[in-house]
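# Give me coordinates for this.
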Amino acid sequence: MNTYYASGAAEATQTEYLQLPEGKIGYDVAGEGPLVVLVPGMGDLRSGYRFLAPALRAAGYRVACTDLRGHGDSDATFGRYGDVETAGDVSALIEKLGGSAVIVGNSLAAGAAALVAAEHPDRVTGLVLVGPFVRNPKVNALMMGVFRAMMAPLWVAASWKAYMPTLYAGQKPADFDAYRASVIASLRRPGYAKAFSLTTRQTDHAPVEARLPDVAAPVLVIMGERDPDFTDPAAEARWIGETLHAEVVMVPEAGHYPQSQQPEIVTPVVLAFLQSVLHRA
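Numbers count the residues shown, from 1 in each chain. Have a look, this model is predicted:
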């Protein structure tokens, strides 16, 4: 089980590991049925899907939740982090688990999911992109410098603790304080602050944007109406929807994590998409 957070909404699951040349990727898998792979974003844990995963399993899906490299139960021994590396990890996990999968990716992981779909269409049945970064945002150079300074290894845990509430603009989960504490505790382990800092510095969404024309899988875009990572969340969601011929759902009173902020809205939308995609397949 993910040792850094336990919630009444989550079912106990055993951590398994995908062995890669530079380290291990921690994940859990449970349930019977078509495969759905849930991937969290930068600075998050796989228990960020603590509300969605049990509902998907109950609905008849085999659900795998994975931590990013350098996060949670994955090792912090990797030299490179970001969209391309995450896409490789997710693709390898799907290959290990067998068959094709619907990938649910949040933030950075949404871009990685799109890359997997572009590079390995046989492994992807559909994509659910939540608060997705699939291109580099237009960011003021000064603000980028400030953010990178905040994310330096020596104080990244304290900075992320202070920054997390802003990403949950709108309604926070009832267990937000406990969940944030688990995220920060995981960051304070030896090596993990450095890995997270490297993720913030090495991540580049340009390779994802270049491959968007190659994504043929059905896509659902879910965006919080108050997502602070985008100047205009609705406009970004609309652009992604038009580019990928995707269904777009805007979630009220939600920031960057609508899957945990508004699970009563997001869960049925995801279930309907899964049913549609698998019926089509």
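
# can we go C-alpha only for contacts and neighbour counts from here?
Will do.

# and P258, how many residues sit next to it?
By the measure other C-alpha atoms under 10 Å, the count of residues near P258 is 32.

# which residue sits closest to it, ignoring its sequence neighbours?
Using C-alpha to C-alpha, 6 or more residues apart in numbering and skipping residues adjacent in sequence, the residue nearest P258 is G224, 5.8 Å away.

# so the one you found makes contact with P252?
Yes - with contact defined as C-alpha atoms under 8 Å, G224 counts as touching P252 (6.3 Å).

# More neighbours: which of those two?
G224 (27 against 17).

# How about the contacts made by that one?
Residues near G224 by C-alpha atoms under 8 Å, 6 or more residues apart in numbering: G131, P233, M250, V251, P252, E253, A254, G255, H256, Y257, P258.

# Tell me how many other residues surround the second one.
Right, P233. 21.

# quick revisit: nearest to H279, of the contacts of G224?
Taking C-alpha to C-alpha as the measure, H279 lies nearest M250 of these, at 24.1 Å.

# Surely that closest one is in contact with R226?
No - with contact defined as C-alpha under 8 Å, M250 does not count as touching R226 (9.4 Å).

# Which one's more surrounded, those two?
R226 (24 against 20).

# quick one: what helix or strand has the closest residue in space to the more buried one that isn't next to it in sequence in it?
Nearest non-adjacent residue to R226, counting by C-alpha to C-alpha, 6+ apart: G255, 4.7 Å away. G255 is part of no helix or strand, with elements assigned from DSSP states H and E.

# Starting from Q261, give me the distance back to L274.
Distance of L274 to Q261, computed by C-alpha to C-alpha, to the nearest Å: 21 Å.

# For the protein, give me the ranges with low pLDDT.
In the predicted model, the chain carries pLDDT under 70 at residues 1-12, 140-142, 144-145, 281.

# and if we set it to 50?
1, 3-4, 6-10 (pLDDT under 50).

# Let me know the distance separating V39 from A181.
20 Å.

# Comparing the two, which shows the higher neighbour count?
Shown here are V39 and A181; by other C-alpha under 10 Å, V39 has more neighbours (30 against 14).

# Please enumerate the helices of the stretch 101-250 of the chain.
Secondary structure of the stretch 101-250 of the chain (DSSP state H, counting those that start in this stretch): helices at 108-119, 141-150, 156-167, 176-187, 192-202, 206-211, 233-244.

# Same question for the third one: list its buried residues.
By that I understand helix 156-167. By 16 or more other C-alpha atoms under 10 Å, the buried positions in helix 156-167 come out as V156, A157, S159, W160, M164, L167.

# Do I have it right that the first one meets A193?
Same thing as V156. Yes - judged on C-alpha under 8 Å, V156 makes contact with A193 at a distance of 6.3 Å.

# in the longest helix anywhere in the chain, what counts as buried?
Counting residues, the longest helix found in the chain (DSSP state H) is helix 263-280. Counting neighbours by 16+ other C-alpha under 10 Å, one finds that the buried residues in helix 263-280 are P263, I265, V266, T267, V270, L271, F273, L274, V277.

# Could you do stretch 33-48 as well?
Of all the residues in stretch 33-48, those buried under the rule 16+ other C-alpha under 10 Å are 34-48.

# okay, among those, which ones form the most distant pair?
P34 and G43, at 28.1 Å, using C-alpha to C-alpha across these.

# Alright, calling it a day.
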